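[1] Sequence below, structure please.
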Amino acid sequence: MTDIVSMTTAAQSATAAQASDDGHLFALSDAAAVLVAETGTTPCFAYRLDVARQRFVDLRMTLPEQVHLAYAVKSNPGPPLLAELAGLGAWFDCASAGEVAAVQTARASAPAPTSQQPATRGRMVFAGPAKSEADLRAALAAGARIQVDGIEDVERLAQWHTGPDPLPVNVRVHPLTGISETASIIGGSGPSAFGVDEEELAQFVAGCQAYPQVRLSGLQVFSASNELDAATLLANHRTAMGIGQRLQAMLRHDLDLIDLGGGLGIPYAVGSPDLDIVALGAGLGDLLEENAWFTGHVVLEPGRWLSGPTGVYLTRVVRVKQSRGTTFAVLEGGINHLLRPLMTGQSFPVRAVTPRQEPATTDWTDASGPAEDDRERTAYTLAGPLCTSLDRVGTAELEPLEPGDLVIFGQAGAYGFTQAMTNFLSHPAPEQVWLGGSITP
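    Predicted coordinates:
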């Protein structure tokens, strides 16, 4: 069950970022993390809704008016987060009937959106490579723009759509060339379970003519994930706009929506750059000017960029073990709470709070501790409680750990709790603590 926590004045001041070069990786200072851990239970996730609000506003301000933000619910479907974003007038990117229902519930509980457009229906895109009947019917009922992956989706929608006018849909296209991503998560231009291969697009368009109840009116191209380079994203978007222009020529009517997908990345290590959203916004403005043929709406689907920096995962050390040259810190939680490190080979950023350290300052907001060069550090393999050698959540050089010490994983607001193997071994699900929200539980 989600735990909604109103922040005290002390806790609010304690959430300031670390006064060190890893400050942008952790939503909570050490002092705030200790406060959360001591007033609740560990393991737990803690999220700052004020961070989500500010990031949404900052990104929105950098983008051309023609571009809309559809939050990718899959990155973190927490009800308080969805309600906060609904209150800001966000669109949503959903991929299941469950996500559609979560968005509808969040919109019902959110304050009036800041946008003048209604938020109770529509303003949603719906995607997925294997949509069930329940998924498609939920998306239809919610007024979502469905992104079809093949003629099978079109055939079923033609059967179920009951409106007087043809149902507008997008087609997801898998580009043949001209796309890239730093780490292969979406898959680049290789074989893909997603969408219609670009070289088969003309055949797909011709096939749609057999279903006049459905009108192909838009495009989705989602070609990268967790990309930190604005120029790479813009190059991918330029490819998408080129596909859109060719699609519009095939259809002989104007497209009204182009969904450029997500891919807006966040750093997971000290020294990694932040995505330059100002450059991204300016580049999108230039791209739209270059493509004056398109006068409809553009959608971006940020997920982790909005949710990742809001959260931390807190867990305690159970035991420390030496084994054949490797030092293990065995934690209360592992891949049953954080699966991403095993899937991607990339750890979440990690720091530890050990009560044996002398604080460098009495300032509640500065929990950076002694200077890095003054600390004794040990290389740890971070293992979880599960009965499998796969239960590893990263490696890190940390100050010497003892049982009971608190370990903090940063950037854990995305692809954390809901992506993990929560039911494996039947350990309790972690608590989720929401800080700084404007929604009354």
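[2] where along the stretch 201-350 of the chain do the strands fall?
    214-220, 257-259, 297-300, 311-323, 326-331, 350-353 (DSSP state E, counting those that start in this stretch).
[3] so Ala420 makes contact with Pro341?
    No: with contact defined as Cβ atoms under 8 Å, Ala420 does not reach Pro341; the gap is 10.5 Å. In short, each C-beta sits where N, CA and C put it, glycine included.
[4] any common contacting residues for these two?
    Ile335 (Cβ atoms under 8 Å, 6 or more residues apart in numbering).
[5] As a check, name the ranges of all helices in the chain.
    Using DSSP state H, the helices of the chain run over 9-14, 30-39, 49-62, 79-87, 97-109, 133-141, 151-160, 201-208, 230-251, 277-290, 304-307, 340-344.
[6] Highest mean neighbour count out of the ones you listed?
    The highest average neighbour count among these, using mean count of other Cβ atoms under 10 Å, belongs to helix 304-307 at a mean of 27.
[7] Alpha carbons of that one, as CSV, please.
    Provided in CSV are the C-alpha atoms of helix 304-307 (Å, rounded to 0.1, in the frame of the first residue of the first chain):
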residue,chain,number,x,y,z
ARG,A,304,12.4,8.4,-16.5
TRP,A,305,13.5,12.0,-17.2
LEU,A,306,10.5,13.1,-15.2
SER,A,307,10.3,10.4,-12.6
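[8] what mean pLDDT would you report for that helix?
    Averaging pLDDT along helix 304-307 gives 97.
[9] same deal with stretch 351-359?
    75.
[10] Relative to Ala420, how far out is the closest residue to Arg319 other than its chain neighbours?
    Nearest non-adjacent residue to Arg319, counting by Cβ to Cβ, 6 or more residues apart in numbering: Val330, 4.8 Å away. Going from Val330 to Ala420 by Cβ to Cβ, to the nearest Å gives 17 Å.
[11] Which one's more surrounded, the two?
    Between Val330 and Ala420, Ala420 has the larger neighbour count (other Cβ atoms under 10 Å), namely 22 against 18.
[12] Burial-wise, tell me which of the strands of the stretch 201-350 of the chain comes out on top.
    Using mean count of other Cβ under 10 Å, strand 257-259 ranks as the most buried of these, with a mean of 25.
[13] for Gln419, what are its contacts?
    Counting by Cβ under 8 Å, 6+ apart, Gln419 makes contact with 339-340.
[14] Low-confidence ranges, the stretch 301-441 of the chain, go.
    Confidence mapping of the stretch 301-441 of the chain against pLDDT under 70 gives the ranges 357-375, 437-441.
[15] Please apply the same query to the stretch 151-300 of the chain.
    Residue ranges of the stretch 151-300 of the chain with pLDDT under 70: 178-192.
[16] repeat that for 90
    The stretch 151-300 of the chain contains residues with pLDDT under 90 at 163, 176-195, 222-225, 270-271.
[17] okay, the closest residue to Ala193 other than its chain neighbours: pLDDT?
    Nearest residue to Ala193, sequence neighbours excluded (Cβ to Cβ, 6+ apart): Pro129, at 4.7 Å. Looking at Pro129, its pLDDT stands at 91.
[18] need the contact list for Pro129.
    Counted by Cβ under 8 Å, 6+ apart, Pro129 has contacts 149, 193-195.
[19] Between the residues you listed, which sits nearest Ile335?
    Among those, Ala193 lies closest to Ile335 (Cβ to Cβ), at 24.0 Å.
[20] how about the residue nearest to Trp293 when sequence neighbours are not counted, what does it touch?
    Among residues not flanking Trp293 along the chain, Gln245 sits closest, at 6.0 Å (Cβ to Cβ, 6+ apart). Gln245 makes contacts with 291, 293-294, as judged by Cβ under 8 Å, 6+ apart.
[21] one more time with 10 Å
    When contacts are counted by Cβ atoms under 10 Å, 6 or more residues apart in numbering, Gln245 touches 219, 255, 258, 291, 293-294.
[22] where's the residue lying farthest from the centre of the chain relative to Pro403, distance?
    Using Cα atoms, centre = their mean, the residue of the chain lying farthest from its centre is Arg324. It sits 38.1 Å away. Distance of Arg324 to Pro403, computed by Cβ to Cβ: 21 Å.
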